[in-house]
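Enquirer: What follows is a predicted protein model with its sequence.
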Amino acid sequence: MSHIKIELRKEDVDFIKGVCSTFNNDPQELINVLHTCQEHFGYLPAEVQEVVSDGLNMPVAKIYGVVTFYSFFTMTPKGKHPISICLGTACYVRGAEKVLDEFKKELAIQVGESTPDNKFSLSTLRCVGACGLAPVVLVGDKTYGRVAPDDVKNILKEYV
Amino acid sequence: MSKYSMHLLVCGGTSCHTSESDAIVCNLRDELEAKGLMDSVQVIMTGCFGFCEKGPIVKVMPDNTIYVGVKPEDAQTIVEEHIIKGKKVTRLLYKDPVTKESVSDSKDMGFFKKQLRVVLRNCGFINPENIDEYIARDGYQALGKVLTAMTPEEVIKEVKASGQRGRGGAGFSTGLKWELARKNQSDVKYVVCNADEGDPGAFMDRSVLEGDPHSVLEAMAICGYSIGSSNGLIYIRAEYPLAIERLKIAINQARESGLLGNNIFGTGFNFDIKLRYGAGAFVCGEETALIHSMEGLRGEPTVKPPFPAEAGYEGKPTNVNNVETFAAIPAIILKGAKWFASIGTEKSKGTKVFALAGKINNVGLIEVPMGTTLREVIFEIGGGIRNGKKFKGIQTGGPSGGCLSEKHLDIPIDFDNLIAAGSIMGSGAMIILDEDDCMVSMAKFFLQFTVEESCGKCAPCRIGNKRLHELLGQICEGKGSLKDLDRLKNMSLVIKDTALCGLGQTSPNPVLSMMENYYDEYVAHVTDKKCPAGQCKSLMEYVINPENCVGCTACARVCPVNAISGQRKEIHHINPSICIKCGACMEKCKFDAIFIR
């Protein structure tokens, strides 16, 4: 599993248990439980999955299987400003890859990594459905449309 | 709506929303307030108009004027000029790219002229967060008609007679699917709406859910009545927060109005709908995988039979239809099967929504009768290719589809014609490619997608697609041979024949269709080691044109690997064995002396 070891506080454990019981401790609600936990913690480390396993009374291996199957779930924490570059077909043909390369160069990190100060993390995603704005970049909840490699520096400046 | 003499419709779809359309709504309301016009002019945030390229869009009713590329600060001008003085704001009107003339009426715009809106009938007209506006446009009348005047068998007969085929991609008859689900006896049955629109470049389902959520809820209830189910589930992508929010509002409003819940229309029919969220997996668009995902499991497909109509969600008979399929149902019930069947081609009835994207002038969402040609879609509605480039191909059906070339432009679009041409309808995504796109790189791009999204359950998909991707990668790097092209083809055919589910069976389609239609380009990559489109980095060579080079040394100074040599005021030279093809020199050169060979 993940190399990250965290210690859950009692209120964290209580939170997870609470989430499980709002979904009636029903294993069928696993994906909804994981969504709520990820929203709260920002990611799903092994320790969180262990508590969910307890709450829903199902093997942690099954939970790990689900977490790693779906691209929405992550076991590594994201940066303060998570950057996602859309690599859907429409964005790709309008040059999203060059924009991604520019972000990699500027931040000196690869996709899936965070900057050492944990300020930015870089990921790619598949189509946000705003193809009229291609190529699209998301920083947190903010969407940037028609991004050219030259715009990358200015986008990052907004968060310094 | 009648107390107002004028309406300002502002697009609230995702594309326009991200371009600050909510600020436009606020500013328009403030302006109207300041001018004392709040009682006579209403501002409504609607669903998507479809014309995403020129967003944000503001439409003035009743005169049908469309303003494009509106900014929040334009609100004052629109109110002062158009509303008060009755003069159209010329600078915000759409300009026809050919005639260069301003067009104000949407009916005269090439983008809208050829469209026929059945599924999108309410998108861009009503406020999706207000059930009364849906009801005012005949909403829930079809449900009323079905519950009070038709037997379930009659409903199924009507849907069958309409000839509607599933809009999710496979094109199976909707009526037949309902009939199968009805025939299977069970105490509990489920109606599932597939809103897991994972196909990159497709955004019709999202637009329907954002712009007209009640049409889907109404259709699900109609389906429930027909097959004998009182449980509805919508499986929606977590990536669509706006659609989720509007669905939640719509479900609550329908419950409050007694249009969902117990004893609907006093007929004793019960039906309610719950939401289930996806978590980002393309394969979950496949119905068995979707059902497993709703059960909280990994979204892996299982072999059919048993079909979901026999044993689906929780082992009970389940009917799964796509958003677009459902959205057309109320119109079919109200206007009749004959009307629907009169639109379209012999074997594909009705209209189809397409999402145009890529190298096309008018990116957006369109709805046309089946049988419209690709040429009409690309050049009349889509406004042709961007920046005056040459059309090269059109990928229909997303990563599972194929790429069609110039010679296919005049085929009438329907399920069977697209298959015959080597592609598929799929969900209706259309990505337009121009002369700058390399068909080997594109195939590699699609395979990369499939490799990442393959669930890994069956070997042909898990291993075969990976091998296809590797081979395409080698060809892009100039390490391929003619034999590799045969290998690509043979392996593709094996994967098609042996993969477990629709994802694997269709994943080689881009490779096969691109090799079929652009074989010369593949050969150029393996024999001449050249990329005709100039996209494959390894096959490119940066060269200095001695006629333009003035010896300013700018390129040599910017080169990160010192591959450029030459004295001041003398012609420079790039050493191809050192060059890493980063393109920095070309960007720096002010004399256009560096080009790609």
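Expert: Ah, there it is.

Enquirer: Against which helices or strands is the helix or strand harbouring B:Val25 packed?
Expert: Counting by DSSP states H and E, the element that carries B:Val25 is helix B:21-34. Applying 3 or more Cβ pairs under 8 Å, 6 or more residues apart in numbering or on different chains; DSSP states H and E, one finds that helix B:21-34 contacts strand B:6-11, strand B:41-46, helix B:75-77. Quick note: C-beta positions are derived from backbone N, CA and C, even for glycine.

Enquirer: Low-confidence regions, chain A specifically.
Expert: Chain A contains residues with pLDDT under 70 at A:1-4.

Enquirer: Repeat the analysis, applying 90 as the threshold.
Expert: A:1-7, A:71-72, A:76-78, A:112, A:125-133, A:140-143, A:160 (pLDDT under 90).

Enquirer: Can you tell me the SS state at the one residue in it that gets nearest to chain B?
Expert: Here the residue of chain A nearest chain B is A:Gly132; by Cβ to the nearest Cβ that distance is 2.9 Å. A:Gly132 falls in the helix class when you classify it by DSSP: H, G, I helix; E, B strand; the rest coil.

Enquirer: quick one: contacts for it?
Expert: Contact partners of A:Gly132, counting by Cβ atoms under 8 Å, 6 or more residues apart in numbering or on different chains, are A:145, B:15, B:52-53, B:55, B:357, B:363-364.

Enquirer: Separate out the buried members of the residues you listed.
Expert: Listed as buried from those are B:15, B:52-53, B:55, B:357, B:363-364; burial here means 16 or more other Cβ atoms under 10 Å in any protein chain shown.

Enquirer: Need the nearest residue in space to the residue of chain A closest to chain B, chain neighbours excluded.
Expert: Spatial nearest neighbour of A:Gly132, excluding adjacent residues (Cβ to Cβ, 6 or more residues apart in numbering or on different chains): B:Cys52 at 2.9 Å.

Enquirer: wait, isn't that neighbour in contact with B:Ser19?
Expert: No - B:Cys52 is not in contact with B:Ser19 according to Cβ atoms under 8 Å; the separation is 9.5 Å.

Enquirer: Can you work out which residues contact both of those two?
Expert: Shared contacts of B:Cys52 and B:Ser19, counting by Cβ under 8 Å, 6+ apart, come down to A:Leu133.

Enquirer: Near chain A, which residues of the stretch 451-597 of chain B are found?
Expert: Contact residues, the stretch 451-597 of chain B versus chain A (Cβ under 8 Å from any Cβ of the partner chain): B:Cys455.

Enquirer: what about B:Ser293, how many neighbours?
Expert: B:Ser293 has 26 neighbouring residues, counting by other Cβ atoms under 10 Å in any protein chain shown.

Enquirer: I'd guess it is in a strand, am I close?
Expert: No - read with three-state DSSP, B:Ser293 is helix and lies in no strand.

Enquirer: Skip the chain neighbours and tell me the closest residue to it.
Expert: Nearest residue to B:Ser293, sequence neighbours excluded (Cβ to Cβ, 6+ apart): B:Gly299, at 3.8 Å.

Enquirer: what helix or strand is the one you found on?
Expert: In the assignment (DSSP H and E), B:Gly299 maps to no helix and no strand.

Enquirer: And for B:Val188, the neighbour number?
Expert: B:Val188 sits with 14 neighbouring residues when counted by other Cβ under 10 Å.

Enquirer: List the residues that contact it.
Expert: B:229, B:231, B:314, B:316 are the contacts of B:Val188 under Cβ under 8 Å, 6+ apart.

Enquirer: Among those residues, which one has the most neighbours?
Expert: B:Ser229 (25 neighbours).

Enquirer: what's near enough to touch residue 67?
Expert: Picking chain A for this. A:34, A:44, A:49, A:73, A:75.

Enquirer: right idea, wrong chain: chain B
Expert: Contacts for B:Tyr67 (Cβ under 8 Å, 6+ apart) come out as B:57-60, B:74, B:78, B:89, B:92-93.

Enquirer: Can you check the pLDDT for it?
Expert: Looking at B:Tyr67, its pLDDT reads 95.

Enquirer: In the stretch 301-450 of chain B, what residue comes closest to chain A?
Expert: Proximity of the stretch 301-450 of chain B to chain A (Cβ to the nearest Cβ) peaks at B:Ala357, 3.5 Å away.

Enquirer: hang on, that residue in a strand?
Expert: Yes - looking at B:Ala357 with three-state DSSP, it is inside a strand.

Enquirer: center of chain A - which residue?
Expert: Taking Cα atoms, centre = their mean, the centroid of chain A lies closest to A:Thr74, which sits 5.5 Å from it.

Enquirer: So what does that one have for phi and psi?
Expert: Backbone torsions for A:Thr74, taken as degrees, to the nearest 10, come to phi -130, psi 150.

Enquirer: same thing with B:Gly393?
Expert: Dihedral pair for B:Gly393: phi -170, psi 170, per degrees, to the nearest 10.

Enquirer: hang on, isn't it packed against B:Asn517?
Expert: Yes - B:Gly393 lies in contact with B:Asn517 (Cβ under 8 Å); the separation is 7.0 Å.

Enquirer: Spit out the contact partners of whichever residue of chain B sits closest to chain A.
Expert: At 2.9 Å from chain A, B:Cys52 is the closest residue in chain B, using Cβ to the nearest Cβ. B:Cys52 is in contact with A:130-133, B:13, B:15-16, B:363-365, counting by Cβ under 8 Å, 6+ apart.

Enquirer: Closest one of those residues to A:Leu87?
Expert: Closest approach between the contacts of B:Cys52 and A:Leu87, by Cβ to Cβ: A:Cys131, at 12.5 Å.

Enquirer: okay, now the residue nearest to B:Ser293: neighbour count?
Expert: Using other Cβ under 10 Å, B:Gly299 is surrounded by 28 other residues.
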